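Undergrad: Predicted coordinates and the sequence they were generated for:
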Amino acid sequence: MRFGRELVAVVIVFALVGALVRTGVGRFVLPVVALGVVAGVVVLLTRRPAYTRTTFGPRTRILESLSPDADAVCVECGSPATTVRRYVREWVILGVPVVLLDDGQIPICDDHRD
């Protein structure tokens, strides 16, 4: 469902660019838009990457943190959870996550961390 919305947005952007190319205004607007896109790419590439710069395609990351919820229980055994694992499945281009495919949280206890 999310991919469908993004596809519609891309089609609308291409339609607007196509309409601008046929007008005199496009001579001024399109270079400004192109500079904005280049600036955005530069900002993304200068940030610390979540993956290596050669990574491309769907990837999964797991992030661990202490359990903020005192009532959380371990999904394996039902005892109080001490850690929350957050998993993130993303589409990655040049080490930069571009599209979030799936995410969630898994509370676990110390016995099941490994």
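TA: That came in fine, so what should we check first?
Undergrad: quick one: buried residues of the worst-scoring helix or strand of the chain on mean pLDDT?
TA: Lowest by mean pLDDT, DSSP states H and E among the helices and strands of the chain is helix 2-21, with a mean of 77. By neighbour count on 16 or more other Cβ atoms under 10 Å, the buried set for helix 2-21 is residue 20. No exception for glycine: its C-beta is placed from N, CA and C like everyone else's.
Undergrad: next helix or strand past it?
TA: For helix 2-21, the following helix or strand on the C-terminal side (DSSP states H and E) is helix 26-46.
Undergrad: Only C-alpha atoms, please: export that following helix in CSV.
TA: Only the C-alpha atoms of helix 26-46 are listed here, as CSV (Å, rounded to 0.1, in the frame of the first residue of the first chain):
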residue,chain,number,x,y,z
GLY,A,26,10.5,25.7,-17.0
ARG,A,27,13.7,27.4,-18.0
PHE,A,28,13.9,29.0,-14.5
VAL,A,29,12.1,26.5,-12.3
LEU,A,30,13.8,23.3,-13.5
PRO,A,31,17.3,24.4,-12.7
VAL,A,32,16.2,25.4,-9.2
VAL,A,33,14.5,22.0,-8.7
ALA,A,34,17.6,20.2,-10.1
LEU,A,35,19.9,22.1,-7.6
GLY,A,36,17.5,21.1,-4.8
VAL,A,37,17.7,17.5,-5.8
VAL,A,38,21.5,17.6,-6.0
ALA,A,39,21.7,19.3,-2.6
GLY,A,40,19.4,16.6,-1.1
VAL,A,41,21.6,13.8,-2.5
VAL,A,42,24.7,15.5,-1.2
VAL,A,43,23.2,15.8,2.3
LEU,A,44,22.2,12.1,2.2
LEU,A,45,25.6,11.0,1.1
THR,A,46,27.5,13.1,3.7
